[in-house]
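Peer 1: starting from these lines, generate the structure:
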Amino acid sequence: MNFKVGDEVVVIAGSDKGKTGKIIKTNKTANTVVVEGVHIIKKHQKPNGQESGGIIEREAAINASNVMLIDPKTKKRTRIGHTTDSKTGKKIRITKKSNEKID
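Peer 2: Sure, this is the predicted structure:
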């Protein structure tokens, strides 16, 4: 999976198609991501010592194939590529549309 926490992504499939947000959490083994403000579910929470019970809303995980990175230069969705940095020799992520480095 090419996504990292903090990446700005857009949903390309499903009921939340077109929504954008930042990645909060990734799960590489299940190939899922949790995006801020996308795929909101209602969870029935039992009360415990610190919090009261009730129905809370939170983000659920979606498959990583249903999101695409937003290019910081063109503000459009793009694929992620990899290349090596000429100075350090480390592998870095780049956007396919504008060849911009992704931090």
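Peer 1: any idea how many residues pack against R93?
Peer 2: 17 (other Cβ atoms under 10 Å). (C-beta placed from N, C-alpha, C; glycine too.)
Peer 1: what does K17 give?
Peer 2: 11.
Peer 1: for it, what are its contacts?
Peer 2: Each residue near K17 by Cβ atoms under 8 Å, 6 or more residues apart in numbering is listed here: V11.
Peer 1: listing partners with orientation, what would you give for the helix or strand bottoming out on mean pLDDT in the chain?
Peer 2: Lowest on mean pLDDT, DSSP states H and E among the helices and strands of the chain sits strand 101-102, with a mean of 92. The strands beside strand 101-102 in its sheet (DSSP bridges) come out as strand 91-95 (antiparallel).
Peer 1: for the strand it pairs with, buried residues please.
Peer 2: Neighbour-count burial for strand 91-95 flags 93-95 (criterion: 16 or more other Cβ atoms under 10 Å).
Peer 1: quick revisit: just the residues contacting the least confident helix or strand of the chain, thanks.
Peer 2: 7, 69, 72, 80, 92-95.
Peer 1: you'd agree A64 is up against K4?
Peer 2: No. Here A64 does not reach K4: they are 11.4 Å apart, not a contact under Cβ atoms under 8 Å.
Peer 1: out of these two, which sits in the busier spot?
Peer 2: Neighbours per residue, other Cβ under 10 Å: of A64 and K4, the larger number sits with A64, 19 against 14.
Peer 1: for that one, give its distance to I70.
Peer 2: Distance, A64 to I70, using Cβ to Cβ, to the nearest Å: 15 Å.
Peer 1: what residue of the chain is the furthest out?
Peer 2: Seen from the C-alpha centroid of the chain, the residue lying at the greatest distance (Cα atoms, centre = their mean) is G49, 32.3 Å away.
Peer 1: ok, T20 - contacts?
Peer 2: With Cβ under 8 Å, 6+ apart, T20 has these contacts: 8-11, 70.
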